[in-house]
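**Q** With the sequence up front, the predicted model follows.
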Amino acid sequence: MKKKTVLFICVHNSARSQMAEAFIKHIGGGAFAVESAGLSPTSVNPLVVTVMAEKGIDLSGATTRSAFDLFRQGRLFEYVITVCDESSEKQCPIFPGVVHREHWPFEDPSALEGGPEQVLDGVRRIRDRIEEAVREFVRRFGPDEVRGAKERGEW
């Protein structure tokens, strides 16, 4: 079975797209070849590493990459999903060969305000929303054996 190619894009590739990439690798049953990238990549947000570890997913060695570098390399993706706000989504490059493009608007974890616990709780909420969006994506576009895992209670 050929893996479906997926690219998640956000502004810095430091939080939202990293979480989406990790979740689809975790629950996608190996059916997806997935990457994430940013418009202006920075480093992975340490709070994202913390909240993903709570889900049993290790992002401590994750690195960031540029969406524009992938575009210049001529990389092809069947699915391109932006996980940033509307204004940033409009800046994303148009990748050739895209079968399906979606926009999932999630708040930027680096923009959260409040005390340390409030911010951490906010990152958890964003993480949980991203996880649910990824599960829905897998239900819609994953192969039958992966989509059926939900009904079998495997995730």
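**A** Sure thing, it's come through.

**Q** helix or strand for the nearest residue to residue 28 once chain neighbours are set aside, which one?
**A** In space, and not counting its chain neighbours, residue 28 is closest to residue 138: 5.5 Å by C-beta to C-beta, 6 or more residues apart in numbering. In short, each C-beta sits where N, CA and C put it, glycine included. In this assignment (DSSP states H and E), residue 138 forms part of helix 116-141.

**Q** which residues does the one residue sitting closest to the centre of the chain contact?
**A** Here the mean C-alpha position of the chain is nearest to the C-alpha of residue 20 (C-alpha atoms, centre = their mean), at a distance of 2.2 Å. Contacts for residue 20 (C-beta atoms under 8 Å, 6 or more residues apart in numbering) come out as 8, 36, 81, 83, 104, 130, 133, 134.

**Q** quick revisit: quick one: buried residues of the helix holding residue 138?
**A** 119-120, 122-124, 126-127, 129-131, 133-135, 137-138, 141 (16 or more other C-beta atoms under 10 Å).

**Q** any idea of the mean pLDDT for that helix?
**A** Here helix 116-141 scores 97 as its mean pLDDT.

**Q** If you count contacts, what does it end up packed against?
**A** Under the contact definition 3 or more C-beta pairs under 8 Å, 6 or more residues apart in numbering; DSSP states H and E, helix 116-141 sits against helix 16-27, helix 46-53, strand 79-82, helix 144-151.

**Q** Poorly predicted segments of the chain, please.
**A** Along the chain, segments meeting pLDDT under 70 span 87-96, 145-155.

**Q** 80 - rerun?
**A** 1, 85-98, 144-155 (pLDDT under 80).

**Q** How much space separates the residue nearest to the centre of the chain from residue 59?
**A** 12 Å (C-beta to C-beta, to the nearest Å).

**Q** Angles on the backbone of residue 66, please.
**A** phi -90, psi 130 (degrees, to the nearest 10).

**Q** repeat for residue 57
**A** Dihedral angles (degrees, to the nearest 10) for residue 57: phi -110, psi 120.

**Q** re the thing from before, my guess is the residue nearest to residue 28 contacts residue 30, does it?
**A** No: assessed by C-beta atoms under 8 Å, residue 138 is found out of contact with residue 30, at 11.5 Å.

**Q** list the residues that contact both of these two?
**A** With C-beta under 8 Å, 6+ apart, residue 138 and residue 30 have no common neighbours.

**Q** Going by distance to residue 2, which of the buried residues of helix 116-141 wins?
**A** residue 141 (13.2 Å; C-beta to C-beta).
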